[in-house]
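K.L.:
sequence and predicted structure, then a few things I'm wondering about:
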Amino acid sequence: MSKEASLIEAMRALATHPAARGLADDCAVLDLGGEALVLTHDMMVEGVHWLPGQDMADVAWKLVATNLSDLAAKGAEPVGVLLGFTLGESDARFVEGLGEALKAFNVPLLGGDTVSANGPRSLGLTALGRATHRPPPARAGARPGDTLWLTGPVGGAMLGFEALRDGTSADSTAFRRPLPRLAQGKALAPLATAMMDVSDGLLIDAARMAQASSVTFAIEMAAVPFPSDLPMNRRDEAMRWGDDYELLFTLPPDTQPPVPAFRIGVAEAAKPSPVTVDGNAASGALGYSHN
C-alpha cells in the first residue's frame with residue numbers, strides 16, 4: 001500500500017461525517033436544506049504537476065480546471081473557488097491565467113491565503129459547487145451488467161507533456177490547459193450509476209471505481225478512444241498516464257448516454273482483479289500514485 005493510500009485509510013477514522021463519503025470519493029457532499037453543496041480540494045506541486053519554468057498562466061488554468069473536473073464528476077455547478085498560493089516567480093502571469101480560467105468557466109474567486117516558502121512551490125484550490133441532481137453520483141453504485149463509458153480520449157496529456165518537456169512543435173494544450181467536462185457531468189448525473197474523472201490514469205481510476213462499487217470492470221482496449229497521433233504501441237501506457245480529465249461513468253444496461261461518449265467495457269461480478277483489459281487482469285502500476 002502506498003503512503004497516500006495508508007494515510008487516507010488512517011484518516012477514515014476521523015472523517016465520520018456523512019458528507020465525507022467515507023473518503024471514498026473525490027468530493028464531499030454536504031446537504032444543506034433543499035440543496036447539496038459539493039466541495040473538493042486539490043493541490044499541485046512544482047516539478048510534479050508542472051515543469052520548472054513553465055508558464056504560470058498555464059499552471060493557474062490547470063489548477064482551476066482540475067478542481068472543477070471533480071465537480072463535473074458529481075454533476076455540480078461551480079459556485080466559487082478559494083486559492084492557497086505560495087509566492088514566487090511570475091506571480092503576475094499566474095494572476096493573468098487565473099483570470100482567464102475564472103472567466104472561461106464562469107466561476108468567482110471568493111478568497112484564500114498566501115504564504116512564502118523555500119523550495120518547490122505548492123498551490124492549492126478549493127472548489128465549491130451546487131449539486132444539480134440529488135444524490136450526486138459517487139464512485140460507488142455500479143452494478144454487474146452496467147456498461148462502462150468514457151467521454152473522450154486518453155493519452156493527449158501524455159503527448160502534450162512530452163511536447164512541452166522536449167520543446168517540440170507538437171500541441172501541448174491537453175497537458176497545459178485541460179477542460180473540465182462540466183456540461184457533460186450535469187447531463188449524466190441523473191443517469192450514471194457511478195462516475196469520476198480520469199486524473200491519475202484510466203486503469204487506476206477504473207480500479208478505484210470498481211473497488212468502491214464491488215465489481216470488476218472488463219475493458220476492451222480496441223474500444224478505448226486515443227489521440228489519432230498516438231502510436232499503437234503506446235496505448236497501454238496512455239491508459240496509465242493520467243491528466244486527461246475525461247469522465248468515466250457507468251450506465252444501466254440498454255441506457256444510452258445523453259452526451260457523446262465511448263462504451264469501453266462492462267461491469268462484472270467482482271473478481272480478484274478490479275480491472276481486466278481484453279480478458280487479462282490489469283497488472284503493474286495502473287497509474288499515478290503519491291508514494
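P.N.:
Alright, I've got the coordinates. Computed from a prediction, not measured in an experiment: that's the story for all the values here.
K.L.:
please enumerate the helices of the stretch 101-250 of the chain.
P.N.:
Assigned by DSSP state H, counting those that start in this stretch, the stretch 101-250 of the chain shows helices spanning 156-166, 173-176, 182-188, 202-213, 235-241.
K.L.:
who touches the last one?
P.N.:
Okay, so that is helix 235-241. Here helix 235-241 makes contact (CB atoms under 8 Å, 6 or more residues apart in numbering) with 154-155, 157-158, 201-204, 221, 224, 226, 230, 277, 285-288. Heads up, the C-betas are built off the backbone N, CA and C, glycines and all.
K.L.:
any low-confidence regions in the stretch 1-150 of the chain?
P.N.:
1, 23 (pLDDT under 70).
K.L.:
one more pass at 80, please.
P.N.:
Scanning the stretch 1-150 of the chain for pLDDT under 80 picks out 1-5, 7-8, 11, 13, 15-16, 18-20, 22-24.
K.L.:
now the strands: where do they sit in it?
P.N.:
Taking DSSP state E, counting those that start in this stretch as the test, the strands found in the stretch 1-150 of the chain are 28-32, 35-45, 76-86, 109-115, 122-131, 147-150.
K.L.:
need the contact list for residue 247.
P.N.:
72-73, 150-151, 181, 184-185, 188, 195-198, 261.
K.L.:
quick one: which of those has the most company?
P.N.:
residue 73 (35 neighbours; other CB atoms under 10 Å).
K.L.:
that residue reaches residue 185, doesn't it?
P.N.:
Yes - under the criterion of CB atoms under 8 Å, residue 73 makes contact with residue 185 at 5.9 Å.
K.L.:
what is in contact with the two at once?
P.N.:
Joint contacts of residue 73 and residue 185 (CB under 8 Å, 6+ apart) are 195, 247.
K.L.:
what does the pLDDT read for residue 291?
P.N.:
Looking at residue 291, its pLDDT reads 57.
K.L.:
try residue 198
P.N.:
97.
K.L.:
roughly how far apart are it and residue 33?
P.N.:
According to CB to CB, to the nearest Å, residue 198 stands 33 Å off from residue 33.
K.L.:
picking up where we left off before, and the buried ones among the contacts of helix 235-241, selectable in ChimeraX?
P.N.:
Listed next is the ChimeraX selection for buried residues among those, using 16 or more other CB atoms under 10 Å:
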select :154,155,157,158,201,202,203,204,224,226,230,277,286,287,288
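K.L.:
just the ones in strands from the contacts of helix 235-241, please.
P.N.:
Among the contacts of helix 235-241, the members falling in strands (DSSP state E) are residue 277.
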